[in-house]
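Visitor: pasting the sequence and the predicted coordinates here, then a few questions.
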Amino acid sequence: MVVQLPSMLIVTICLLSILGAAATELVLDGGTKGCSNNWSRSIDTVMGGKSSLTYRCDGNVLEAQGYLSIDGGGFAGVSHSLSETIDLGGGAYNGIEVTYEGLERTALPLALELRLGAPGQRANFGSVFALLPSSEPGAVGRVTLPLDSFLPRNNFNSGGSGTLDVSRIGAIAYQLLFQEGDFLFRIVEVKAVSSPTTNMYIDPPNALLNPSPMEVIALIDGTIARGSFAYNQNYIRQCEKVYSASMRQLVDALTGICDTQINVNMALTDALSKVDALSDASDRAFALRDGLDEVRAITVELGDSWSSEGACATLTPPSSGTIDDTIDTLLPSVDTVVDTVVDTVVEPPSADKVVDTVFDSVVDTVDTESSSSSNRHDLWSRMVATALLVAVFG
């Protein structure tokens, strides 16, 4: 037997095949290419610092852990040279996608700088993103960094000059800067992609699960302490990324329906929206800080609970049965609407009579259909019939 696919399905499959073929990506490290065996450390002990770092390849995953100290230093990272230069020019690629495992649940977001280098260019070029914690060990997040977001490291924090020679990428590095404390990060894959020209985030499952006001305050305080210290060392993008990562966590976690959580969520969302219109990293950091300060001021007044009655309820989608019952209650049956139209067409009614008739039909429908599911009609038929009634009588 020959099965014929609907024409629209065939067209859709063809379009998806074309789009899939057009998507361009090239793995630079990890993933299908495997973890490189020639990574090396870059750590502040060379200038008297006290940070520590060890690294290893765990299968295809690069793992680095240690302690970042701000006493006499403040940086730690890993780097390696590629076996041959890679050409990312010609318009085939416009971004770098990094896949990472979420940090442990109790960790603060961690700003990591991805650096790319080309032979003959004295400076490396860096773009900053944040690693987020997750409630699920091993769960991954992804971030896509536009190639034009990689700025020269010789004058990185003031904007610098020059652009990365994307036609001859020869080195990759990850660097932590001025975020004191223990760290452990795991990079699953880094690859060049064709993508939109703005930062894109797919965060891992949230580490915050129905947080209390006190837990929100603790996250905000830790975030501000980490971000503001980096900002004061002139690492403004690190500050911005830490702030925005924590705010995305909070927006996702605070889904309650009481006024306090709604107000907090709105303040966070407004601050994140304002940042989209700002091009300067310092302006973005200050806009995010204003949002965090506003949320903290709201939350600190609440004590241990989002409402006086206890924990704030969370939004949950209604069941299909609840939706059906609601439809039955709100929409009259098709037969009722048709009868109403026929009756009123035979004898044109006044406007008041139309309103009264429709109202009576709805009431009758509620009374009859709430007691028997056998009269339940298809949603679309009833919506069309109701629309007909509205169209006929304005």
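Guide: Cool, the structure landed.
Visitor: wouldn't Glu97 be in contact with Arg142 here?
Guide: Yes. The pair Glu97 and Arg142 qualifies as a contact (CB atoms under 8 Å) at a distance of 6.1 Å. C-betas here are computed from N, CA, C, even on glycine.
Visitor: looking at the two, which is more packed in?
Guide: Each of Glu97 and Arg142 has its neighbours counted (other CB atoms under 10 Å); Glu97 has more, 19 against 16.
Visitor: what strand or helix carries that one?
Guide: Applying DSSP states H and E as the criterion places Glu97 in strand 95-101.
Visitor: residues making contact with that strand?
Guide: 25, 28, 30-31, 61, 114, 116, 127, 129, 131, 134, 138-147, 150, 185-197, 200, 204 (CB atoms under 8 Å, 6 or more residues apart in numbering).
Visitor: same question for stretch 227-247.
Guide: Outside stretch 227-247, the residues that reach it (CB under 8 Å, 6+ apart) are 70, 74, 108-111, 113, 128-130, 132, 157-158, 177-180, 203, 219-220, 223-224, 226, 268, 271-272, 275, 281-282, 284-285, 288-289, 291-292.
Visitor: how long is it end to end?
Guide: Stretch 227-247 has an end-to-end distance of 12 Å (CA to CA, to the nearest Å).
Visitor: what mean pLDDT does that stretch get?
Guide: Averaged over stretch 227-247, pLDDT sits at 97.
Visitor: residues in contact with Pro205?
Guide: Gly102, Ser134, Ser135, Glu136, Ala139.
Visitor: sketch out the low-pLDDT regions of the protein for me.
Guide: 1-23, 154-161, 196-197, 308-394 (pLDDT under 70).
Visitor: got the buried residues for the helix or strand containing Thr223?
Guide: Using DSSP H and E, the element containing Thr223 is helix 213-232. Residues 213, 216-217, 219-220, 222-224, 226-227, 229-231 are the ones in helix 213-232 that count as buried (16 or more other CB atoms under 10 Å).
Visitor: okay, buried residues for the helix or strand just after that helix please.
Guide: Following helix 213-232 in sequence order, the next helix or strand is helix 236-253 (DSSP H and E). Judged by neighbour count (16+ other CB under 10 Å), helix 236-253 contains these buried residues: 236-251, 253.
Visitor: quick one: helix 236-253 to helix 213-232, angle?
Guide: 160 degrees (axes from the mean of the first three to the mean of the last three CA atoms, to 10 degrees).
Visitor: the helix or strand that helix 236-253 is followed by packs against which elements?
Guide: Going down the chain from helix 236-253, the next helix or strand is helix 259-276, by DSSP H and E. Packing contacts for helix 259-276, counted by 3 or more CB pairs under 8 Å, 6 or more residues apart in numbering; DSSP states H and E, involve helix 236-253, helix 281-300.
Visitor: which positions in helix 259-276 come out as buried?
Guide: In helix 259-276, counting by 16+ other CB under 10 Å, buried: Thr260, Gln261, Val264, Asn265, Ala267, Leu268, Ala271, Leu272, Val275.
Visitor: so Arg105 sits against Leu132, correct?
Guide: No. With contact defined as CB under 8 Å, Arg105 does not count as touching Leu132 (10.6 Å).
Visitor: look at these two and report which has more neighbours.
Guide: The residue with more neighbours, out of Arg105 and Leu132, is Leu132; 24 against 15, by other CB under 10 Å.
Visitor: quick one: end-to-end length of stretch 191-210, please.
Guide: 34 Å.
Visitor: buried set for it?
Guide: Buried residues in stretch 191-210, counted by 16+ other CB under 10 Å: Lys191, Ala192, Val193, Ser195, Asn199, Asp203, Pro204, Pro205, Asn206, Ala207, Leu208.
Visitor: how about stretch 110-124?
Guide: Within stretch 110-124, the residues that count as buried by 16+ other CB under 10 Å are Leu110, Ala111, Leu112, Glu113, Leu114, Arg115, Leu116, Gly117, Ala118, Gln121, Ala123, Asn124.
Visitor: if we can go back for a sec, right, and the pair among the buried residues of stretch 191-210 with maximum separation?
Guide: Of all pairs drawn from these, the greatest distance, 32.5 Å, lies between Ala192 and Leu208 (CB to CB).
Visitor: from Pro146, how far off is Asn124?
Guide: For Asn124, the distance to Pro146 equals 17 Å [CB to CB, to the nearest Å].
Visitor: so where do the helices sit in the protein?
Guide: 7-22, 213-232, 236-253, 259-276, 281-300, 320-330, 334-346, 351-369, 379-393 (DSSP state H).
Visitor: contacting residues for Leu112?
Guide: Val128, Phe129, Ala130, Leu131, Tyr174, Gln175, Leu176, Phe185.
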